[in-house]
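In: Sequence and predicted structure, then a few things I'm wondering about:
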Amino acid sequence: MSIDSIVQRPQRADARRNFDALLAAAREAFTQHGASASLEDIARRAGVGVGTLYRNFPTREALIEAVYVDEVVALQQAAIETEKLEPWQALRTWLDRYIEYVGTKKALIEVLNRHSEVMLACRTMLYDAGGPVVERGQDAGVVRPDTSISDIVRLVSAVAGVAYEDESQRRRVLDLTIDALKA
């Protein structure tokens with residue numbers, strides 16, 4: 001499954017650039033201000049008019065879904081990019097990208113229908129991307145054999161979503177969490 005099968009991207013190159021700029025601006029705005037971020041601010045950040053935003057995303061929910069799907073597609077790509085790495089480094093690299101995703105997801109999840117077709121498709125895409133990375137680590141004997149992608153996603157999501165004193169504490173706790181996955 002791809003973003004294009006869920007979200008309709010424009011065909012013309014200039015329209016596609018605007019679409020991608022809107023997604024990037026929305027991701028940044030939603031991460032900073034939550035799902036209620038100003039759509040006018042998102043259009044301004046993308047360097048387009050608000051009419052262009054509404055032409056691509058007729059509702060706030062459509063924009064939020066597109067950002068969410070785009071994040072999951074980025075996680076799929078990150079999994080592919082780890083194929084040449086050693087198994088533990090592959091898992092660590094993918095989980096670092098997953099942690100970025102958790103920040104965006106946290107800002108968006110409040111308005112997404114958790115049982116919608118899009119959310120279910122995204123969950124499948126996420127598990128299909130990360131599952132083989134985990135299994136490769138298990139096959140190499142570097143990842144605990146008694147865990148699954150579902151366990152890991154829940155563990156890392158919970159730890160990444162907690163408030164920390166500062167970024168160094170956050171990184172330290174996430175490192176401890178990920179190290180607990182070692183065989």
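Out: That came in fine, so what should we check first?
In: Break this protein down into its domains, please.
Out: Using automatic domain parsing, the domain parsing of the chain gives 8-58, 61-183.
In: any chance of these in JSON lines, plus mean pLDDT and mean neighbour count?
Out: (Each C-beta comes from the backbone N, C-alpha and C, glycine too.) Compiled in JSON lines, those are given as follows (pLDDT from 0 to 100; neighbours: other CB atoms under 10 Å):
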{"stretch": "domain 8-58", "mean pLDDT": "90", "mean neighbour count": "17"}
{"stretch": "domain 61-183", "mean pLDDT": "89", "mean neighbour count": "16"}
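In: What spatial separation is found between Arg12 and Asn18?
Out: 9 Å (CB to CB, to the nearest Å).
In: can you check Asp41 too?
Out: Per CB to CB, Asp41 is found 16 Å from Asn18.
In: and if you look at Glu65?
Out: 18 Å.
In: How about Thr52?
Out: 5 Å.
In: and what of Arg27?
Out: 15 Å.
In: quick one: the helices in this protein?
Out: 3-6, 13-33, 39-46, 50-56, 60-81, 87-108, 117-139, 149-160, 167-179 (DSSP state H).
In: Contacts for the longest one next, please.
Out: Put plainly, it is helix 117-139. With CB atoms under 8 Å, 6 or more residues apart in numbering as the contact definition, helix 117-139 has outside contacts at 1, 6, 65, 68-69, 72-73, 75-76, 78-79, 82, 87-88, 90-91, 94, 98, 112-113, 143-145, 147-150, 152-153, 183.
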